[in-house]
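Participant: Coordinates for the following, if possible.
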Amino acid sequence: MTHFTIHTQETAPAASKPLLDKSLKAFGRVPGLHGVLAEAPKALEAYHWAMRPTPSPDDIQRYVEKGRGLRTHALVSLLRRGATSSAHVIHRGLRAAIDAGRALAGMIVRERRRGGYHRALHALDDRTLKDIGLHRSQIPSVVEGLLNGTPLPPVTPKHPVEKIVPTKGTSQVAVNDNDFEAAA
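Facilitator: Numbering: from 1, shown residues only. I've put the predicted structure just below:
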């Protein structure tokens, strides 16, 4: 069993101490998960970022200003590329927005498919995966191949497949090609 060190403010690496101070202010103590993540300051920082509260009004204002700057830059770029009227600019801007929306929708569909393929293949037991010629470690590359349209390599059985056919007029069963010749 793996044991994790749960750091306190005293035992944490120097880069994690300010983040643990934030945890202490927010919760009144250092939660165990934060103490474990303190071992890797970047991981604790990412966790704090992911669990951040709703943006402050200052953050929202910064986002709005950045958006305005990007919009202005896009319009100037369109005008430089030959847009002759405001209608033309709006049309090109809408077309760019529609294209971006389609690209985003495509990415979402692709990620949903990837998740479905992963769940389906990981739900199979190791014996079934072996039967279809896969090892559990190959699942990510197989899923990428499915998403990219790369054909999967053919599966060759490890053992010869036996033919089971009842012979005429007897209760015997022919199991392989030699039995067919003897039964005929």
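
Participant: Name the residues of stretch 12-20 that are buried.
Facilitator: Within stretch 12-20, the residues that count as buried by 16 or more other CB atoms under 10 Å are 12, 16, 19-20. All C-beta atoms are positioned from the backbone trio N, CA, C, and that covers glycine.

Participant: Next step: those residues restricted to helices.
Facilitator: Those of the buried residues of stretch 12-20 mapping onto helices are 19-20, per DSSP state H.

Participant: Can you add pLDDT and distance to Arg113 and give the buried residues of stretch 12-20 back as TSV?
Facilitator: Putting the buried residues of stretch 12-20 into TSV (pLDDT from 0 to 100; distance: CB to CB, whole Å) gives the following:
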residue	pLDDT	distance to Arg113
Ala12	91	41
Ser16	90	38
Leu19	90	36
Leu20	91	40
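
Participant: OK, contacts around the nearest residue to Pro140 once chain neighbours are set aside?
Facilitator: Excluding the flanking residues, the one nearest Pro140 by CB to CB, 6 or more residues apart in numbering is His118, at 7.7 Å. By CB atoms under 8 Å, 6 or more residues apart in numbering, the contact list for His118 reads 139-140, 143.

Participant: Number of residues surrounding His73?
Facilitator: 10 (other CB atoms under 10 Å).

Participant: Oh, that last question was meant for Ala46, not what I typed.
Facilitator: With other CB under 10 Å as criterion, Ala46 counts 12.

Participant: swap in Val30?
Facilitator: Count around Val30 with other CB under 10 Å applied: 21.

Participant: what does Arg127 give?
Facilitator: Per other CB under 10 Å, the neighbour tally for Arg127 reads 7.

Participant: Retrieve the pLDDT associated with it.
Facilitator: Arg127 carries a pLDDT value of 87.

Participant: list the buried ones in the host helix or strand of it?
Facilitator: Element membership of Arg127 [criterion: DSSP states H and E] is helix 126-131. By neighbour count on 16+ other CB under 10 Å, the buried set for helix 126-131 is Leu129.

Participant: Stretch 23-38 too?
Facilitator: 23, 30, 34-35, 37-38.
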